[in-house]
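Peer 1: compute the structure for the input listed below.
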Amino acid sequence: MATTHVTEKQARQTAEAARESEWRKPSFGKELFLGRLRLDLIDPRPDLPPSPDAEEFLAKLGAFLRTDVDGPQIERDARIPDEVFQGLAGLGAFGMKIDKEYGGLGLSNLHYCKALTLTGSVNASLAALLSAHQSIGVPQPLKLFGSPEQKKAFLPRLAAGEVSAFLLTEPDVGSDPARLGTVADPVEGGYRLNGVKLWATNGTLATLLVVMARVPGKGITAFVVEGDSDGITIERRNAFLGLRGLENSVTRFHDVFVPEKNVIGGLGKGLKIALTTLNTGRLSLPAMCVGAGKRALTIAREWSAERVQWGRPVGSHEAVASKIAFIAATTYAMESMLDLSCLIADDASNDIRIEAALVKLFASEMAWLVADELIQIRGGRGYETADSLAARGERAAEAEQILRDLRINRIFEGSTEIMHLLIAREAVDAHLSVAGNIIDPDAALSRKARAGARAGAFYARWLPTLAVGQGQNPAGYGQFGPLAHHLRYVERASRKLARSTFYAMSRWQGRLERKQGFLGRIVDIGAELYAMSAVCARARAEQKSCPEGRELADLFCRQSRLRAEALFAALWDNTDRLDVKAAERVLGGRYAFLEEGVIAPDPAGLAWVAAWQPGPAEVPDVRRRIPRP
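Peer 2: Purely as a prediction, here's the structure:
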């Protein structure tokens, strides 16, 4: 296997070098973790100028999806028909985020996410196709980092309907890119690519690829690669639990020539490009979670009103009513967070890296719970497929498909565990900026001394601000009416969160990075506080057009506060240390007796992670090409 071996320290250094180290714009999320509720950054919510073109596109897209797309058939066939690709291309759906000067629609983040929500409600694989193509595929990196020549060469093709893919993951490399094994060796006029990429969404049909590869001596670099270049083999199409229509590949590169002009953003800039692209690219996954939540609410409402048990509609029984309330409140919150994140991204006056990550984390976790509760409400019918229901003469409600399709969102574009660490790193950035050298074992004494002086000055100013705030003023945030007490809670909890983080840094210092259970809870509390802020800001903005929203905002905040309080308690009262010890014992075989009494499949000598070697493909190419209409 050609994977690079690196130490834990080298892996951390690679990740640290790739993140954006400066905060050039204000950030609501950053301030929240520092104990400051900066409502002025989100209330009033930024205004989005009217866009008749965007509304017309959404109307045409909706009409096409209703009349020309058979979502259940895509699920049955595990394949999106050519005609659907062609229809979407004709509408301009492959150029939603591409500027008009290159033939795209130039949609805002808000309208783009509404289009994904609409598309995903018909079939989640369709939304994943469009999202992977535009949010992380070739269009977004070129929009942010591409040269004028690259934009002119590639963006019109993509806007017209060619499909792109993003290739970073390898058989033995996931969230640890320091070990990247794909190599781009310099040759005359460009580079030779060799390596294997795993789980490339759209990989079987993409004609343009963003490929991350290591250039010797220069670091990880991003390339635009023609999908039909000599030496590229699509070795297989992968199949998954959900998203059955997804075209996802194992792709091999063997001596693939890439011209020097196809380097994006400069040598060694690949990971920074990937992380920056994901700042807004992550908004696409919550858009599909919102669509799933809306569909789950419809199914739950209609079923629970009609189904009668013990002489009453099931929805009137408290055990079911609590689930319906959770689905409604959580869907309102997911949409509120997404819309707010999109609006501040479109406004471009704030840094949204934390907000985008929080909404991705929150929506992917909560949508999964929403789908699980829907299955429970529907009972046996929730576990039954839509086709089976229809065959018995009942309404085809795709509850089990929603659950399967949603599961990947807790892994896609940063697993929950990685998102916890990524957000936690940003949340403690202010502390590391002033005190990082104090806890760095490799820092010289002179650097530690200077850091001590800076830290003393910073904490002398900052710590007193965590004692008292507007959340203790009974009249605070009065402009929010009956929701004001929730924002007073958010303000108090924000300061408590900052105090907890400071105490943890003082207690564990450099070992804090290994306290992943603690850091995960810190981030989850921040996500709940951001969600409460978002629903209150939305309810206030829509108090005339949608007064009912205030009821859902109040309900969500009450539910969210209970979760936040439980997380605060678990910061210091948990089984984290015991869990780690137990895991060590499991891995060491101490509890192997517990695995006895079952029959495991014969592994037939196969490894958990398939080895790969550079060289030409030894299997047929399974690429798919969409005919032009």
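
Peer 1: what about the longest helix in the chain?
Peer 2: helix 318-347 (DSSP state H).

Peer 1: which other helices and strands contact that helix?
Peer 2: helix 109-122, helix 284-306, helix 353-378, helix 516-541, helix 549-572 (3 or more CB pairs under 8 Å, 6 or more residues apart in numbering; DSSP states H and E). Where you see a C-beta, it was placed from the backbone N, CA and C, and this is true even at glycine.

Peer 1: for Gln479, which non-adjacent residue is closest in space?
Peer 2: Excluding its sequence neighbours, the residue lying closest to Gln479 (CB to CB, 6 or more residues apart in numbering) is Arg540, at 7.3 Å.

Peer 1: revised request: answer the last question for Thr330.
Peer 2: Leaving out its chain neighbours, the residue that sits closest to Thr330 by CB to CB, 6+ apart is Met366, at 5.1 Å.

Peer 1: neighbours of the residue nearest to Gln479, just the number please.
Peer 2: 21 (other CB atoms under 10 Å).

Peer 1: same thing with the one 5 residues further on?
Peer 2: Using other CB under 10 Å as the criterion, Ser545 is surrounded by 7 other residues.

Peer 1: same question, Ala396
Peer 2: Ala396: 13 neighbours (other CB under 10 Å).

Peer 1: ok, back up a step: so which of the helices and strands packed on helix 318-347 gets nearest Lys323?
Peer 2: Closest approach to Lys323 among the helices and strands packed on helix 318-347 (CB to CB): helix 353-378, 4.4 Å.

Peer 1: give me the distance between the closest one and the centre of its chain.
Peer 2: In terms of CA atoms, centre = their mean, to the nearest Å, the centre of helix 353-378 is found 11 Å from the chain centre.

Peer 1: what packs against that helix?
Peer 2: helix 28-33, helix 270-281, helix 284-306, helix 318-347, helix 380-383, helix 399-407, helix 416-427, helix 516-541.

Peer 1: mean pLDDT lowest for which of those helices?
Peer 2: Of all the helices and strands packed on helix 353-378, the minimum mean pLDDT falls on helix 270-281 (a mean of 86).

Peer 1: tell me the angle that helix makes with helix 353-378.
Peer 2: Computed by axes from the mean of the first three to the mean of the last three CA atoms, to 10 degrees, the angle separating helix 270-281 from helix 353-378 equals 60 degrees.

Peer 1: contacts for helix 270-281?
Peer 2: Helix 270-281 is contacted from outside by 14-15, 17-20, 109, 135-136, 140-141, 144-145, 166, 168, 177, 212-213, 219-222, 264-265, 345, 352-353, 356, 413-414, using CB atoms under 8 Å, 6 or more residues apart in numbering.

Peer 1: got a PyMOL select line for the buried ones in those?
Peer 2: To isolate the buried ones among the contacts of helix 270-281 in PyMOL, judged by 16 or more other CB atoms under 10 Å, type:
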select buried, resi 14+15+18+109+135+136+140+141+145+166+168+177+212+213+219+220+221+222+264+265+345+352+353+356+413+414
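
Peer 1: just the contacts of helix 270-281: which are in strands?
Peer 2: Phe166, Met212, Ala213, Gly219, Ile220, Thr221, Ala222, Ile264 (DSSP state E).

Peer 1: report the two of the residues you listed separated the most.
Peer 2: For the ones in strands among the contacts of helix 270-281, and using CB to CB, no pair is farther apart than Phe166 and Gly219, which are 18.2 Å apart.

Peer 1: ok, Ser500 to Leu58 distance?
Peer 2: For Ser500, the distance to Leu58 equals 43 Å [CB to CB, to the nearest Å].

Peer 1: quick one: pLDDT of Ala467?
Peer 2: So, for Ala467, pLDDT stands at 91.

Peer 1: and the nearest residue to it once chain neighbours are set aside, how many neighbours?
Peer 2: Leaving aside its sequence neighbours, Ala467 sits nearest to Arg495 (CB to CB, 6+ apart; 7.8 Å). Neighbours of Arg495 under the rule other CB under 10 Å: 20.

Peer 1: show me which positions of the helix or strand containing Arg495 end up buried.
Peer 2: Using DSSP states H and E, Arg495 sits in helix 484-508. Neighbour counts over helix 484-508 (16+ other CB under 10 Å) mark 484, 486-498, 500-502, 504-505 as buried.

Peer 1: give the rounded mean pLDDT of it.
Peer 2: Helix 484-508 carries an average pLDDT of 94.

Peer 1: for Arg236, which three-state class applies?
Peer 2: strand (DSSP: H, G, I helix; E, B strand; the rest coil).

Peer 1: touching, it and Glu618? I think so.
Peer 2: No - the pair Arg236 / Glu618 is not scored as a contact, 11.9 Å apart, by CB atoms under 8 Å.

Peer 1: so which of the two has more stuff around it?
Peer 2: Neighbour totals were compared for Arg236 and Glu618, and Arg236 leads with 16 against 8 (other CB under 10 Å).

Peer 1: give me the element the residue lying closest to that one once chain neighbours are set aside is part of.
Peer 2: Closest residue to Arg236 in three dimensions, ignoring its sequence neighbours and counting by CB to CB, 6+ apart: Val250, at 4.9 Å. Secondary structure assignment for Val250, by DSSP H and E: strand 248-259.

Peer 1: in its sheet, which strands sit next to that strand, and in what direction?
Peer 2: strand 190-201 (antiparallel), strand 232-237 (antiparallel) (DSSP bridges).

Peer 1: okay, those in a markdown table with distance to Arg45 and mean pLDDT next?
Peer 2: Formatted as a markdown table, these follow (distance: least, CB to CB, whole Å; pLDDT from 0 to 100):
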| stretch | distance to Arg45 | mean pLDDT |
| --- | --- | --- |
| strand 190-201 | 32 | 96 |
| strand 232-237 | 42 | 97 |
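
Peer 1: just those: most buried one?
Peer 2: Stretch with highest mean neighbour count among the strands paired with strand 248-259: strand 190-201 (a mean of 22; mean count of other CB atoms under 10 Å).

Peer 1: how close does Leu246 get to Leu205?
Peer 2: 11 Å.

Peer 1: so these two - more neighbours on which side?
Peer 2: Taking neighbours as other CB under 10 Å, Leu246 and Leu205 compare with Leu246 leading, 26 against 22.

Peer 1: and Pro148, what does it touch?
Peer 2: With CB under 8 Å, 6+ apart as the criterion, no residue contacts Pro148.

Peer 1: let's number from 31 now, not from 1
Peer 2: Okay, residue one is now 31; in that scheme the one you just asked about reads as Pro178.

Peer 1: looking at this protein, which helix or strand is least sure?
Peer 2: In the chain, no helix or strand scores lower on mean pLDDT, DSSP states H and E than helix 38-48, which sits at a mean of 56.

Peer 1: tally up the residues packed near Gln643, please.
Peer 2: So Gln643, with other CB under 10 Å, has 7 neighbours.

Peer 1: for it, report the pLDDT, please.
Peer 2: Gln643 carries a pLDDT score of 86 in this model.

Peer 1: and it, which of the three is it?
Peer 2: Classified using three-state DSSP, Gln643 is coil.

Peer 1: coming back round to it: any idea of the angle the helix holding Arg525 forms with helix 446-457?
Peer 2: Put simply, helix 514-538 runs at 90 degrees to helix 446-457, going by the same axes, to 10 degrees.

Peer 1: angle of helix 514-538 against helix 546-571?
Peer 2: Using the same axes, to 10 degrees: helix 514-538 against helix 546-571 is 160 degrees.

Peer 1: give me the neighbour count for Gln103.
Peer 2: 14.

Peer 1: and the strand or helix carrying it, what's its mean pLDDT?
Peer 2: In this structure, Gln103 sits in helix 101-107 according to DSSP H and E. In this model, helix 101-107 has a mean pLDDT of 97.
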